[in-house]
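Visitor: here is a sequence together with a model predicted from it:
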Amino acid sequence: MKILLLVTAFNSQTQAVYTKLKDAKHKVSVCFNRDEKQTLKEIENFEPELILCPYLKSYLSSKIYETYPVYIFHPGPRGDRGPHSLEHALASHNKKWGLVVLRANSLYDGGNIYAQQSFDVRDTYKASLYRKEIVRASLNALDTLLENIKNDNFVEQELNPIHEKVSQEDKTINWSTDTTQRIIEKIYLCDSLPGVLDEILGLPCYLYGAHKEEKLQGKSKEILAKRDGAICLGTIDGALWISHLKEINGFKLPATYVLKEKLQGIKEERLALIFEKNYATFYELSVQIRENVAYLHFNFHNGAMHTAQCIRLKYAIEYLKTQYDVLVLMGGEDFFSNGIHLNILEDSQKQGEDGWANINAMNDVVRAILYADEVVTVASFSTNAGAGGVFMGIACDYAVGEEGVVLNPHYKTLGLSGSEYHTYTLPKRVGKVIANKLLNECLPISVTQAKSLGMIDEVFTHTEYLESLHSFALSKYNDEFLWDKEEFLEENKATIEALKEKELEVMHPEFWDTQSAFHSLRYEFVYKICPIHTPSRLKLKSIKDEKNA
């Protein structure tokens, strides 16, 4: 079936739908809904049998939905209508929410519903709910949707009034009356966009990444401590951490990077390298031990890893690999890892130097994984991964994924050739031909597709993922395997290191040359500058396109 995804951006939801449709052998193309004339032209060129809109923030022209069957994914249950549906769910403290897929017509979220899914609402922030529950619901709805379209099986939408936007009062923090929990709830409403607007030490900025603090206390809004880029603020009944800030017209950065010298004299409240999670506070590295299997979590904001984070992660890996039989890299709550930290590099006054330090620190993490000959290593892709994060994961002895997770095993869209030993690890798993194809096409793949290519070893369902992962990890410990691994690494170390050095040789000018495409592409990424036209890599060529070429 020829299916067009008409979207505002190629985000996590769109990518999940895109990869599932491609896995099912549908012909899938993408069109960014920017300009009506251009959109109509792209649709006409592709001649889709069906148009799906997993993520659409702009209005659709009637010329589109009156000519083609168009179905919109709405992040709310039947009867919910209007924008900011997830904010509405969180503000109303709903315990159940859902997603519907409805046929586009002239009514705002008023079309007939061809698929619907419900889910429990976690105590979390908006972006996490979207990246997990909404994406999973979208994938679960897809099979039902296509079957119901075929049979014209639907239920009518309940035409309730369009709900009002969440009020400014619901989002504005009153530090003199709001409890810690209430402040966290308000930040959850707007994390990751647009953020809660406030003022810290006289600086107007948006707040992100709220974490409750159980031990520290102080005056309301007093800065009590800092840790790993986050700041701890007193509240009327305790304290909380804010991990990230964004100045007006700026971009998101760790809080201490934004406040800089304003924090002079504030104590760095350190934790052990690997936090035992015995009280509520802000932390990035933690571990769970089960039957001599260590599950290492590294919950870095949006999966980005700056130099200091890489160094801490490397030390954690080097410690744990001497203590346990199996080491499982779990990644973070929303992302496994997305590689180097582009926002911090954009903020840097020494972009070449800091970029070079960051990629070398990432390589040190991968090196610690690759040469861990005293432990079996497993990468757990239970959340999405991109660029260097993918290649860090496949450096493990084994890699597994959770059904529905998307991997982006490429660098070129940011003007980088990449390192992280990928010229060794990727061809070793999939062969040189497929490795080059993945790196050059710059397209996302599902973990299901990754398994079929040999890139990862197993895919487990969401409902049984953790138990399946644990059984897998236990089954892979073997003394003979470790002896063979040690022998292999001794024999091949020089070759492996030579490949990494060649990667760095190619990357060096990408960081240091002021004319490098990396600098402009990084700027566009950090400031979220959307392309005017649909990137050609996302368009499936039609017969008309081939004739015009």
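Guide: Thanks, I have it.
Visitor: surely residue 426 touches residue 409?
Guide: Yes. Under the criterion of Cβ atoms under 8 Å, residue 426 makes contact with residue 409 at 7.0 Å. To be clear about C-beta, it is placed using only N, CA and C from the backbone, and glycine gets the same treatment.
Visitor: now do the shared contacts for those two.
Guide: Applying Cβ atoms under 8 Å, 6 or more residues apart in numbering, one finds that residue 426 and residue 409 are jointly contacted by 391, 438, 439, 455.
Visitor: so which pair among the residues you listed is furthest apart in space?
Guide: Distance extremes for the shared contacts of residue 426 and residue 409: the farthest pair is 439 and 455 at 12.1 Å, using Cβ to Cβ.
Visitor: what do those two both touch?
Guide: Joint contacts of residue 439 and residue 455 (Cβ under 8 Å, 6+ apart) are 409, 426.
Visitor: between these two, who's got more neighbours?
Guide: residue 455 (24 against 17; other Cβ atoms under 10 Å).
Visitor: quick one, what contacts the more buried one?
Guide: Counting by Cβ under 8 Å, 6+ apart, residue 455 touches 394, 399, 407, 409, 426, 429, 430, 445.
Visitor: which of the three states applies to it?
Guide: The three-state label for residue 455, taken from DSSP: H, G, I helix; E, B strand; the rest coil, comes out as coil.
Visitor: any idea of the pLDDT on it?
Guide: What the model reports as pLDDT for residue 455 is 98.
Visitor: one more: residue 529?
Guide: pLDDT at residue 529 comes out at 93.
Visitor: could I get the contacting residues of the closest residue to residue 299 other than its chain neighbours?
Guide: In space, and not counting its chain neighbours, residue 299 is closest to residue 332: 3.9 Å by Cβ to Cβ, 6 or more residues apart in numbering. Shown in contact with residue 332 (Cβ under 8 Å, 6+ apart): 297, 298, 299, 300, 303, 383.
Visitor: from the contacts of residue 455, which is closest to residue 524?
Guide: The shortest approach to residue 524 among the contacts of residue 455 belongs to residue 409, at 21.2 Å (Cβ to Cβ).
Visitor: gap between the closest one and residue 241?
Guide: 33 Å (Cβ to Cβ, to the nearest Å).
Visitor: low-scoring stretches of this protein, by residue?
Guide: 542-549 (pLDDT under 70).
Visitor: ok, now which ones touch the spatially closest residue to residue 363 that is not a sequence neighbour?
Guide: The shortest distance from residue 363 to any non-neighbouring residue, by Cβ to Cβ, 6+ apart, is to residue 419 (5.6 Å). Applying Cβ under 8 Å, 6+ apart, we find residue 419 in contact with 359, 362, 363, 388, 500, 503, 504, 507.
Visitor: narrow these to just the buried residues.
Guide: Neighbour-count burial (16 or more other Cβ atoms under 10 Å) applied to the contacts of residue 419 gives 359, 362, 363, 388, 500, 503, 507.
Visitor: quick one, what contacts the second one?
Guide: Think residue 362. Contact analysis of residue 362 by Cβ under 8 Å, 6+ apart lists 305, 310, 339, 340, 388, 392, 419, 420.
Visitor: go on, residue 230?
Guide: Per Cβ under 8 Å, 6+ apart, neighbours of residue 230: 209, 211, 241, 242, 243, 244, 254, 255, 256, 282.
Visitor: how about it, nearest residue that isn't a chain neighbour?
Guide: That would be residue 243: by Cβ to Cβ, 6+ apart, it lies 4.3 Å from residue 230.
Visitor: wait, that neighbour touches residue 256, no?
Guide: No. With contact defined as Cβ under 8 Å, residue 243 and residue 256 do not form a contacting pair (9.8 Å).
Visitor: these two: who's more crowded?
Guide: Taking other Cβ under 10 Å, residue 243 and residue 256 do not tie; residue 243 has more neighbours (24 against 20).
Visitor: now the more buried one, what's its secondary structure?
Guide: strand.
Visitor: who touches it in this structure?
Guide: 208, 209, 210, 211, 229, 230, 254, 255, 282, 301.
Visitor: which helices and strands sit right next to the helix or strand containing residue 486?
Guide: Residue 486 belongs to helix 479-512 when elements are defined using DSSP states H and E. On a contact count with 3 or more Cβ pairs under 8 Å, 6 or more residues apart in numbering; DSSP states H and E, helix 479-512 meets helix 351-370, helix 422-430, helix 517-526.
Visitor: is residue 211 in a helix, a strand, or coil?
Guide: strand.
Visitor: so which residues of the stretch 201-350 of the chain form strands?
Guide: 203-213, 223-227, 230-235, 238-247, 253-254, 285-290, 293-298, 326-331, 335-337 (DSSP state E, counting those that start in this stretch).
Visitor: what of the stretch 1-150 of the chain?
Guide: 2-7, 27-32, 50-53, 70-74, 96-103, 113-120.
Visitor: and the third one, what other elements does it pack with?
Guide: So the one you mean is strand 50-53. Strand 50-53 packs on strand 2-7, strand 70-74, going by 3+ Cβ pairs under 8 Å, 6+ apart.
Visitor: so which bits of the longest one are buried?
Guide: Same thing as strand 2-7. 3, 4, 5, 6, 7.
Visitor: next, the residue lying closest to the second one once chain neighbours are set aside: phi, psi?
Guide: Across the structure, with Cβ to Cβ, 6+ apart as the measure, the residue nearest residue 4 apart from its sequence neighbours is residue 48 (3.8 Å). With angles defined as degrees, to the nearest 10, residue 48 sits at phi -70, psi 150.
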